[in-house]
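Colleague: Please work out how this folds:
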Amino acid sequence: MNILVDCNEEIDFLAKRFYKFSSNDQLKVLDLETLCDILTNPNLCLYDESCLLYFILDLVKEDKKFYCLFEYLEFTELTVNDIEMFINIFNINYLSGSIWKSLCSRLVQKINYESSITRYSNDINTTEHYPVFDPNDNNANQKMNGIIRYLSEKCNGNIMEKNVINIKYSDEHPINISSIVDLDVDSSFYTSAKPGSFIMIDFKDNFVIPQFYSIKSAGFANLRSWVFEISSDGENWKEIDRHDDSADLKKKKYNFYLSNS
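Modeller: Alright, predicted model coming up:
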């Protein structure tokens, strides 16, 4: 059931704090009309445009009526990865004149890396909602701060055991596969040394656009060759990183930049 909010003061309150609420389900119970009022409110404050994109994507998965909210996106403020995600998911049958007009602003303008738009929050406290990852820090003090840690903290536990993700792997013998995503547990996992061995992480309802990733080695029998692939349907895969006979993991922990994501 969607909740209708008709008080201007409440609309202002939610618009000013949209960046605090959009990362959870608090705003997703609101009526479409209320969400439109919030997104058109002059006091709207976002963490960034990407967060609004993913907020709307979550809504349209539940009900197609929320497709109209895409017209409130500032497409010029989205990253290339955001646009690619939008293209892959957006159903052309729901393209309205208003959405097309908003999208055209991206088509006729250069990407604006130094935005003049003022609807993004500078509140330092908003960083607590998002993972912090430094791809240039390859020392032992680098916490593996990425998607897996973020989801682990959000659900307060092992994200496989709590059904946030699913993990598949090529080996047939039983192992404690959930330990792969226990980042603070000193355990190791390896597949059989056979061609085509794999580990697959299904993020289920979460949209993920990887830009960096970290691998922590056990310090012996290091992984030397691997391929990183992504898929939106589990059938069609895109290779975004490959390493052949690499010695990087002799360092025990290494961060990798994904140039093709």
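Colleague: Now do the same for A193: helix, strand or coil?
Modeller: coil (DSSP: H, G, I helix; E, B strand; the rest coil).
Colleague: Model confidence for the residue positioned nearest the centre of the chain, exactly?
Modeller: Here the mean C-alpha position of the chain is nearest to the C-alpha of V208 (C-alpha atoms, centre = their mean), at a distance of 3.7 Å. For V208, the model assigns a pLDDT of 79.
Colleague: Could you measure from the nearest residue to it once chain neighbours are set aside over to F207?
Modeller: Spatial nearest neighbour of V208, chain neighbours left out: I147 (5.9 Å); criterion: C-beta to C-beta, 6 or more residues apart in numbering. Quick note: C-beta positions are derived from backbone N, CA and C, even for glycine. From I147 across to F207, the span is 11 Å (C-beta to C-beta, to the nearest Å).
Colleague: Which one of these two is surrounded by more residues?
Modeller: Neighbours per residue, other C-beta atoms under 10 Å: of I147 and F207, the larger number sits with I147, 19 against 14.
Colleague: Surely that one and Q211 touch.
Modeller: No - look at I147 against Q211 with C-beta atoms under 8 Å: they stay out of range, at 10.0 Å.
Colleague: shared neighbours of these two, anything?
Modeller: Here I147 and Q211 have no joint contacts, going by C-beta atoms under 8 Å, 6 or more residues apart in numbering.
Colleague: Outline the domain layout of the chain.
Modeller: The record's domain parsing of the chain by the TED database lists 7-108, 147-257.
Colleague: what's the first-to-last distance across the shortest one?
Modeller: Distance between the two ends of domain 7-108: 38 Å, counting by C-alpha to C-alpha, to the nearest Å.
Colleague: if I pick the nearest residue to L69 once chain neighbours are set aside, what's in contact with it?
Modeller: Using C-beta to C-beta, 6+ apart and skipping residues adjacent in sequence, the residue nearest L69 is I56, 4.7 Å away. For I56, the contact set (C-beta under 8 Å, 6+ apart) comprises 66, 69-70, 73.
Colleague: related to what we said a few turns ago, where's the residue nearest to the centre of the chain relative to D186, distance?
Modeller: 26 Å.
Colleague: Could you tell me how many residues sit around L223?
Modeller: 14.
Colleague: Now do it against I147, distance only.
Modeller: According to C-beta to C-beta, L223 and I147 sit 20 Å apart.
Colleague: I'd guessed S214 sits against I148; true?
Modeller: No - taking contacts as C-beta under 8 Å, S214 lies outside contact range of I148: 9.4 Å.
Colleague: tell me the mean pLDDT over the helix ranked longest in the chain?
Modeller: Using DSSP state H to define each element, the chain has its longest helix at helix 49-62. Averaged across helix 49-62, pLDDT comes to 88.
Colleague: With stretch 19-35 instead?
Modeller: The pLDDT scores in stretch 19-35 average 81.
Colleague: Would you mind writing the CA trace of that stretch as CSV?
Modeller: Taking C-alpha atoms only, stretch 19-35 is exported to CSV below (Å, rounded to 0.1, in the frame of the first residue of the first chain):
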residue,chain,number,x,y,z
TYR,A,19,19.4,11.9,0.6
LYS,A,20,19.0,10.4,4.1
PHE,A,21,15.9,8.3,3.3
SER,A,22,16.5,7.2,-0.3
SER,A,23,19.0,4.5,0.6
ASN,A,24,16.4,2.5,2.6
ASP,A,25,12.7,1.7,2.1
GLN,A,26,11.3,4.7,4.0
LEU,A,27,10.3,6.6,0.9
LYS,A,28,9.3,3.6,-1.2
VAL,A,29,6.0,3.3,0.6
LEU,A,30,4.9,6.8,-0.6
ASP,A,31,2.2,7.4,-3.2
LEU,A,32,3.3,8.3,-6.7
GLU,A,33,1.7,11.8,-6.4
THR,A,34,3.7,12.4,-3.2
LEU,A,35,7.0,11.3,-4.8
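Colleague: and that stretch, how far out from the chain's middle?
Modeller: Taking C-alpha atoms, centre = their mean, to the nearest Å, the mean C-alpha location of stretch 19-35 is offset from the chain mean by 18 Å.
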